[in-house]
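1. got a structure for you, letters missing:
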């Protein structure tokens with residue numbers, strides 16, 4: 001089997017310093033909100049604290065995943081830990097949805113039995129949380145655009161920032177209008193939003209982990225372009241997958257019209273690599289050359 005690495009793509013270097021700072025910042029916010037929620041009796045403040053605690057866990061997972069991803073490959077781990085960050089994104093997304101479901105049940109129960117709440121504490125602590133989460137969001141904004149793991153951590157912080165704003169508004173309504181049921185409604189709304197955000201990220205990371213063909217790649221178009229080359233009879237038995245967000249792999253069998261030599265195959269392989277990279281962003285290509293071999297010529301073959 002012939003293998004050729006098409007292009008030396010540069011990996012975006014991500015720093016863990018901002019992530020580490022955000023971890024300690026959120027630990028402080030969580031501790032303050034737990035105490036404040038218990039003292040004030042606010043479920044929305046406690047739910048925000050729980051969400052913040054999930055942020056701490058997700059940020060810790062993201063931090064170590066980021067560190068692991070930078071480790072070099074070895075004989076026992078030929079891909080290194082390049083999937084670590086995708087795993088972290090999946091875990092973070094799943095945790096968002098679990099927390100959301102817990103919050104919904106708590107909100108429904110509290111809505112049936114509204115309780116008086118110390119709104120002053122809610123207002124003060126939600127304002128502190130807004131400042132802390134806002135700073136964390138700014139720190140991770142740049143890295144979130146280029147990395148799924150960082151984006152999962154960033155989304156946790158964005159949703160928590162929005163939740164804190166909602167809790168602040170609720171605190172003001174309770175303080176000046178004594179609308180204590182607002183606390184439960186806000187908790188319910190926060191939870192629904194968590195489910196929406198978490199599901200999207202869960203789906204994307206799941207597709208990468210399960211070796212789905214990337215949504216942006218049309219396999220039939222690949223076949224059409226490669227089969228149009230002069231000496232190619234057919235490309236078949238195709239697999240396309242993402243190792244992570246930076247590496248997209250293709251492996252396939254390629255049947256030739258004649259019994260070509262190795263140097264000719266090398267030239268055709270290089271041409272195919274250019275086609276796949278320029279049209280589909282595929283940067284790792286492995287092709288098995290064939291001539292007159294009696295095997296299945298289907299585009300997709302179940303191994």
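-> It's in. Everything numeric in this text was worked out from a predicted model, so none of it was measured.

2. how far away is the closest residue to residue 29 other than its chain neighbours from residue 140?
-> With sequence-adjacent residues excluded and distances taken as Cβ to Cβ, 6 or more residues apart in numbering, residue 29 is closest to residue 132, at 4.6 Å. Backbone N, C-alpha and C define where each C-beta goes, glycine included. The gap separating residue 132 from residue 140 is 13 Å, by Cβ to Cβ, to the nearest Å.

3. how about residue 252?
-> 38 Å.

4. with residue 193 instead?
-> Going from residue 193 to residue 140 by Cβ to Cβ gives 19 Å.

5. so between these two, which is more surrounded?
-> residue 140 (25 against 16; other Cβ atoms under 10 Å).

6. which helices and strands does whichever strand or helix holds the more buried one pack with?
-> Residue 140 is located in helix 119-144, with elements delineated by DSSP states H and E. Packed against helix 119-144, as judged by 3 or more Cβ pairs under 8 Å, 6 or more residues apart in numbering; DSSP states H and E, are the following elements: helix 17-40, helix 43-69, helix 148-177.

7. so what's the gap between the longest one and the chain middle?
-> For helix 148-177, the gap between its own C-alpha mean and the chain's C-alpha mean amounts to 20 Å (Cα atoms, centre = their mean, to the nearest Å).

8. which element follows it toward the C-terminus?
-> Following helix 148-177 in sequence order, the next helix or strand is helix 181-209 (DSSP H and E).

9. gap between the closest residue to residue 154 other than its chain neighbours and residue 158?
-> In this structure, residue 154 finds its nearest non-sequential neighbour in residue 144, 3.6 Å apart by Cβ to Cβ, 6+ apart. Distance check for residue 144 against residue 158: by Cβ to Cβ, it reads 9 Å.

10. go on, residue 78?
-> Distance of residue 78 to residue 158, computed by Cβ to Cβ: 36 Å.

11. go on, residue 217?
-> 29 Å.

12. repeat that for residue 237.
-> Using Cβ to Cβ, we find residue 237 at a distance of 43 Å from residue 158.

13. now residue 105
-> Applying Cβ to Cβ, the value for residue 105 to residue 158 is 24 Å.

14. and if you look at residue 131?
-> Using Cβ to Cβ, we find residue 131 at a distance of 15 Å from residue 158.

15. and residue 250, by the same measure?
-> Applying Cβ to Cβ to residue 250 and residue 158 gives a distance of 34 Å.
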